[in-house]
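K.L.:
Can you look at this prediction? I've put the sequence above it.
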Amino acid sequence: MTRARRASFVVAFAALTLTALGSGARAEKLGVGLFAPELSFANPGERYSLVSRLAQHLASSLGVEVEGRAYKTAGDMERDVKAKRIHFAVLGAVYLASRKVPVVAQARVTSTRWTLMAKEKTTLAALAGKVLQIPRLGPLATRFVENGLLGGNVVLAKHFKVALTPDLYSAVATVRLGRAAAVFAPSSTKGLVPVIAGISMPPPGFAVVGKVDAGVRAKATQAVLGFGAAMGGIQGWQRGSARAYAAIAGASQKKVNNMMLSAAKVERLRDDELINLEQLRPELPTMENLFWLP
């Protein structure tokens, strides 16, 4: 073997060895996000605490570094998904209804019924012209309230002064401070009373939003099912799928009345079509033969 060939062989072998060592010693960094504005955190800091603890739990189970990120807007989260900074995410139900992503687990929450909530007992009619706070749950948020909760019988923009807030915590606080008359919130919200009967809403889901192999996905699913941190109304996790959120998309559709009304067309009957009422008079049979006279 010549000196040139020997040097080329050594360089190639060294490159392969470093590549093998690098792939084995350095694992891929993963990310987990949180965008679920409907979770009832006691304060904004709890949102970051929850996703940080979830990231630590996933890192321990997967054996790789996992970074947790909490988002105030869906746009910020979607930018990180495109940049491949996050691969898993805890997402709100209304947001999931507008996105096609694999959902592998569902949160167990304290309340699944939502309605219009106010500081004191009132009626829908009495709220006309007043401020209604709606958390930015996702693209279908206002339509879900208008068509799902109110059945399409009330046009939000005409009946209320609709105000959108980043999350449930901010929306409820606005009502408690007297800056809004009502809020779309869980019927179990402390200190507020329901205005009308509520509607059921699925809990947030744990979804795969980035490209990961089947093994990592399976391990992450098992890990989140064993994540027991009770925060934001979450009491644990159970298996789930995207089918649970299809009902929200359906309920958000505008109700259409297919019955069409048109002016009556008057048509004159022909003479042979007229009804002679005299001909309808019944002829009663005689009853004289039924009586005996002495």
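P.N.:
Received it, and whenever you're ready, just let me know what you need.

K.L.:
neighbouring contacts of stretch 241-248?
P.N.:
With Cβ atoms under 8 Å, 6 or more residues apart in numbering as the contact definition, stretch 241-248 has outside contacts at 93-94, 96-97, 100-104, 106, 140, 144, 148, 201-202, 205. C-beta: built from backbone N, CA, C; applies to glycine.

K.L.:
Tell me the span between the first and last residue of that stretch.
P.N.:
14 Å (Cα to Cα, to the nearest Å).

K.L.:
in that stretch, what counts as buried?
P.N.:
Residues Ala242, Ala244, Tyr245, Ile248 are the ones in stretch 241-248 that count as buried (16 or more other Cβ atoms under 10 Å).

K.L.:
Could you identify the most distant pair in those?
P.N.:
Greatest spacing in the buried residues of stretch 241-248, by Cβ to Cβ: Ala242 and Ile248 (11.1 Å).

K.L.:
any chance you could map the helices in this structure?
P.N.:
3-25, 44-62, 74-82, 93-96, 141-143, 156-159, 168-176, 214-225, 246-251 (DSSP state H).

K.L.:
Would you pull up how far the fifth one lies from the middle of the chain?
P.N.:
If I follow you right, that is helix 141-143. Chain-centre distance of helix 141-143: 10 Å, with Cα atoms, centre = their mean, to the nearest Å.

K.L.:
mean confidence for that helix?
P.N.:
Averaging pLDDT along helix 141-143 yields 92.

K.L.:
One more: the first one?
P.N.:
Within the predicted structure, the mean pLDDT of helix 3-25 is 39.

K.L.:
Same question for stretch 152-168.
P.N.:
93.

K.L.:
now swap in stretch 242-252 and tell me
P.N.:
Here the average pLDDT along stretch 242-252 is 83.

K.L.:
got the end-to-end distance for that stretch?
P.N.:
One end of stretch 242-252 to the other measures 16 Å (Cα to Cα).

K.L.:
Fine by me, we can end here.
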